[in-house]
Each structure stands twice: as structure tokens, then as C-alpha cells.
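1. Coordinates only, no sequence provided:
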Ligand SMILES: [Zn+2]
């Protein structure tokens, strides 16, 4: 975690202020790929699936972001203005990533969290685009989720800046 913090010091791509008022609530349909044989919300076994295979399974927008580290346009993601209570899973493989309690209203245009599931995410150094950033990936399937910066709110001071496309939300009311 120390390395992560050091790496993050100068890396903020967008400065975001934190707004405390609640976000607007919208109902969302889950879009977990029904034909994805690797998708599981309980199995945390590491996946080794080739991009050629993922390309056959995933929708084009998810493939571009998750497997080619593309970024969705700011203020367009389905979870940017969204504050329902529930869990966020990897849209590629179903691995648990975030709890809604750690989501905060950020002005940067992407869904933001101050804490991730430690068993859900892993980190890579990202030196692309002339910046030093810390990429956040799914620990199970190694898909790109977004980046983490150290300008987030308490208690962690971290800001996980995520792509909505990479996330799958399941509300508490939907739990069986
Ligand atoms: Zn995953």
C-alpha cells in the first residue's frame, strides 16, 4: 500500500472536489453477460483467459475498456450519478470490487470510491500518456477498471476513479 501511495502522489489526472450531498437515485438493470461462462460472484479463482476469447464473449464497449484500457467519456457512465445501496462487481468476471458505502460524489465525471475490496483489486504501474499513474485491475481476471489517486476523502484519502462500463451493480434489495 505504501508504494501505491507514493506512486499516486503526482498522478492526479483530474482534480476532483468531493461533494457531500446525495446523488440522484436511478434504477439500473443488471447487464451481466448471460453468455459469459467465466462470470461468477462467488468463485475467486484467478482466470487466465486470452483476449481473443474475451473478445468473443464481451460487448464491444466493455472489451475496449476492460481489455484494452480504454476510458469511457466523463459524465456518461451509468454509475457516475448513482447512489443506491449495494455491491459493485467486475462486469467481466463477477468478482466483488466495491461496496456502495465507499462510493462518494466526485465531480470528476467517473464513479469514485475511497476504498476497494482488498481481495477484489490489484495494481499496476501505468506510465502511459506521459503520466505516472496507478492502474487498478480486477484481481481475478486482470481487467482494467480505472486508476487510483491520493486526492480522495477520509478515511483513506484515496480516490478509485472507475469506468462504469467495468462495473456491475447489484442492489441490496436484489439480494436473495
Ligand atoms: Zn474481473
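-> The structure has been received and is ready for your questions. Computed from a predicted structure; not experimentally measured.

2. okay, CA-based contacts and neighbour counts for the rest of this
-> Will do.

3. Centre of the chain to stretch 89-108, how far?
-> What separates the centre of stretch 89-108 from the centre of its chain is 5 Å, taken as CA atoms, centre = their mean, to the nearest Å.

4. quick one: terminal-to-terminal distance for that stretch?
-> Using CA to CA, to the nearest Å, the end-to-end distance of stretch 89-108 comes out at 21 Å.

5. Is it in proximity to the ion?
-> Yes: against the ion, stretch 89-108 shows contacts by CA under 5 Å from the ion at 90, 93.

6. what residues does this protein put near the ion?
-> Within the chain, the positions near the ion by CA under 5 Å from the ion are 90, 93, 138, 141.

7. which residues sit in contact with the last one?
-> Which is residue 141. Residues near residue 141 by CA atoms under 8 Å, 6 or more residues apart in numbering: 46-49, 92-93.

8. residue boundaries of the helices in the chain?
-> With helices called from DSSP state H, the chain shows them at 2-8, 51-57, 60-68.

9. mind checking how far residue 58 is from residue 72?
-> For residue 58, the distance to residue 72 (CA to CA) stands at 16 Å.

10. next one: residue 41
-> When distance is defined by CA to CA, residue 41 is 24 Å away from residue 72.

11. Settle it for me: which of these two has more neighbours?
-> Neighbour count, other CA atoms under 10 Å: between residue 41 and residue 72, residue 72 has more, with 20 against 12.

12. now that one, nearest residue through space, not along the chain?
-> Nearest non-adjacent residue to residue 72, counting by CA to CA, 6 or more residues apart in numbering: residue 163, 6.2 Å away.

13. mean pLDDT lowest for which of the helices of the chain?
-> Among the helices of the chain, helix 2-8 carries the lowest mean pLDDT, at a mean of 45.

14. What segments of the protein are strands?
-> Using DSSP state E, the strands of the chain run over 18-19, 86-90, 96-99, 103-106, 112-113, 121-126, 133-138, 144-149, 159-162, 167-171.

15. What helices and strands are in contact with the second one?
-> Using 3 or more CA pairs under 8 Å, 6 or more residues apart in numbering; DSSP states H and E as the contact definition, the elements that strand 86-90 packs against are strand 96-99, strand 167-171.

16. tilt between the longest one and helix 60-68?
-> This points to strand 167-171. Orientation check (axes from the mean of the first three to the mean of the last three CA atoms, to 10 degrees): strand 167-171 against helix 60-68 gives 120 degrees.
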